[in-house]
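> Test case, fold it:
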Amino acid sequence: MWMVEDRNVTDTLHLLRKEIARRNEKLEQLTDVELLVLDHIYFFAREHQDSVPGFERAVHRQIIEHIPLMSRKKNPMQFLVRWSNTIAEVEFPSWENIKKITSAFLNEANESRDLNQVIAADIIYSLAPRLMQPQRANMLEDTFAHRYLDAILEAIFGSAPQLSCDWANGSLLRYKVQQKQQESNDSSNEDDAEETQEKPVINSTVFKPDWVVYAAAGPALSAVGILELKVDYKRNPNYMTDFVKLAKEMKLILHQLIHAGVQEPIVCGILIEGNRFETFAMDLTYDGIYRLLRLGKVRLCTTLREFSLFPAVFMDIMTVKDIALKTATSVEKCHCARQLGQATTGRTPISWLRPSAGLIQRVD
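Got it, this is the predicted structure:
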């Protein structure tokens, strides 16, 4: 049971879900955060107005302070602020002088022998010249990913041997939604009714995240994080938004890790909608309570003039990397224990899992 001070958070969330389910049955309009509650996913952000409803502002602050991932302080990297400001302040940028400036950053980073500096310098060296290209109004997602994201993701996650990452072109996550069949009006034969319930109609729903980071342990790759990308934020009121889709995908990955016996797994997520850049984590620390935590919310730099935004983006992705590494380490320990025929300790009880709510659509 989740207790914060003298507040029973578990009971409050259960009451909230009961009320939202009642409203949903009446076909009332629900927000994205409320839709996720139907799936036992409870969203918490530092901003009270964005978080799951049902808590006073003071209680919300206590909850945020109670969650270690949310209370973590970010230490600014002064070298990165200096480098980024230097790039943003170049008056007449050209490919040649940008390369000369960023080459100096690489030399400085190599001399420091600080891995974070080397990673940051490598990203800036590759990314800054790309930001000189003119922006197009109708840029394709593949072009957007190559120009603004590839250099960042590849350097940060590629620098860790425990991780591997790739843009996902095919179906990655699949789950089955069981649709209850209507019971026969003729209830005289109870055996037939039970047999009907034991053979539900099965519909398969496939999720395809845009990018995946894996734990490179054992012969099979285990997903530990995903990214969803939308170049232009176009909200269709009748279908699942990328925010909801990301959360449901993270829940499915969490289920896969828990079923595999991974100890205290945490799944990470990145959501990019235009130049809005958000990072998330999801855990299952309490029975039936999937906590979706927003770790950061910044703007993505898409021009050289905006390069002063890069340190915030870099630090938020490094936080995601730390989470992915922690889960990848747990995956590796679980794999080694299985090879030795040993039972893993500290496993999340399977009874804590809740089935997915299936496809979520809005009502007009």
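> quick one: low-confidence ranges for the stretch 101-250 of the chain?
Low-confidence segments of the stretch 101-250 of the chain, defined by pLDDT under 70: 169-206, 218-219, 233-238.
> which SS state does the residue nearest the centre of the chain fall under?
The residue lying closest to the centre of the chain (C-alpha atoms, centre = their mean) is Gly269, at 1.4 Å. Following DSSP: H, G, I helix; E, B strand; the rest coil, the label given to Gly269 is strand.
> roughly how far apart are the closest residue to Glu65 other than its chain neighbours and Ile63?
Leaving aside its sequence neighbours, Glu65 sits nearest to Ser71 (C-beta to C-beta, 6 or more residues apart in numbering; 5.4 Å). Where you see a C-beta, it was placed from the backbone N, CA and C, and this is true even at glycine. Here the criterion is C-beta to C-beta, to the nearest Å. By it, Ser71 lies 10 Å from Ile63.
> between those two, which one's more packed in?
A count of neighbours by other C-beta atoms under 10 Å puts Ile63 above the other of Ser71 and Ile63, at 20 against 10.
> What does the pLDDT read for the more buried one?
pLDDT, Ile63: 96.
> Tell me where the stretch 251-364 of the chain has helices.
Using DSSP state H, counting those that start in this stretch, the helices found in the stretch 251-364 of the chain span residues 310-339.
> who's in contact with stretch 156-163?
With contacts defined as C-beta atoms under 8 Å, 6 or more residues apart in numbering, stretch 156-163 is touched by 115, 119, 123, 164-165, 213-217, 224, 314, 317-318, 321, 324-325, 328-329, 332.
> could you redo the last one with a cut-off of 7 Å?
For stretch 156-163, the external contacting residues (C-beta atoms under 7 Å, 6 or more residues apart in numbering) are 115, 119, 165, 213-216, 317-318, 321, 324-325, 328-329, 332.
> now stretch 266-274
By C-beta under 7 Å, 6+ apart, stretch 266-274 touches 224-233, 242-243, 246, 250, 253-254, 278-283, 300, 320, 323-324, 326-327.
> of these, buried ones?
Among these, those buried by neighbour count (16 or more other C-beta atoms under 10 Å) are 224-231, 242-243, 246, 250, 253-254, 278-283, 300, 320, 323-324, 326-327.
> Tell me the spacing between the closest residue to Met315 other than its chain neighbours and Phe314.
Among residues not flanking Met315 along the chain, Lys74 sits closest, at 5.5 Å (C-beta to C-beta, 6+ apart). Note on Lys74: its distance to Phe314, by C-beta to C-beta, is 11 Å.
> Settle it for me: which of those two has more neighbours?
Neighbour comparison, Lys74 and Phe314: the larger count goes to Phe314, with 22 against 13 (by other C-beta under 10 Å).
> How about the contacts made by the more buried one?
By C-beta under 7 Å, 6+ apart, Phe314 lies in contact with 80, 120.
> same deal with Arg354?
With C-beta under 7 Å, 6+ apart, Arg354 has these contacts: 40, 288.
> Any buried residues in stretch 102-111, and which?
Within stretch 102-111, the residues that count as buried by 16+ other C-beta under 10 Å are 102, 105-106, 108-109.
> Also stretch 38-56?
The neighbour-count check on stretch 38-56 (16+ other C-beta under 10 Å) flags 38-46, 51-52, 54-55 as buried.
> With stretch 256-268 instead?
Buried residues in stretch 256-268 (16+ other C-beta under 10 Å): 256-258, 260-263, 265-268.
> Can you show me the strands along the stretch 51-200 of the chain?
163-167, 173-179 (DSSP state E, counting those that start in this stretch).
> Name the strands paired with the shortest one and say parallel or antiparallel.
By that I understand strand 163-167. When sheet partners are counted by DSSP bridges, strand 163-167 sits next to strand 211-215 (antiparallel).
> Starting from the partner strand, tell me the next helix or strand along the chain.
Toward the C-terminus, strand 211-215 is succeeded by strand 222-230 as the next helix or strand (DSSP states H and E).
> same for that following strand, what does it pack against?
In terms of contacts (3 or more C-beta pairs under 7 Å, 6 or more residues apart in numbering; DSSP states H and E), strand 222-230 is packed against strand 211-215, helix 242-259, strand 267-273, helix 310-339.
> Generate TSV for the ones you listed, with distance to Leu292 as supplementary columns.
Listed next are the helices and strands packed on strand 222-230 as TSV, based on distance: least, C-beta to C-beta, whole Å:
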stretch	distance to Leu292
strand 211-215	18
helix 242-259	5
strand 267-273	8
helix 310-339	13
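> right, and the ones you listed - which one's nearest Pro129?
Proximity to Pro129, assessed across the helices and strands packed on strand 222-230 by C-beta to C-beta, is greatest for helix 310-339 (13.9 Å).
> follow-up on the earlier one: ok, of the buried residues of stretch 256-268, which one's closest to Ala88?
Cys268 (28.4 Å).
> Report pLDDT for the closest one.
Looking at Cys268, its pLDDT is 97.
> start the count at 15, not 1, going forward
All right, first residue 15 from here; so that's Cys282.
> out of the contacts of stretch 170-177, who has the most neighbours?
Val227 (29 neighbours).
> For that one, name its beta-bridge partners.
The partner list for Val227 in beta bridges (DSSP bridges) reads Cys179, Gly239.
> ok, now how distant is it from Ile133?
Taken as C-beta to C-beta, the span from Val227 to Ile133 is 15 Å.
> now Phe171
Phe171 sits at a distance of 10 Å from Ile133 (criterion: C-beta to C-beta).
> And Phe58, by the same measure?
Separation of Phe58 from Ile133 (C-beta to C-beta): 29 Å.
> same check, this time on Val226
Taken as C-beta to C-beta, the span from Val226 to Ile133 is 20 Å.
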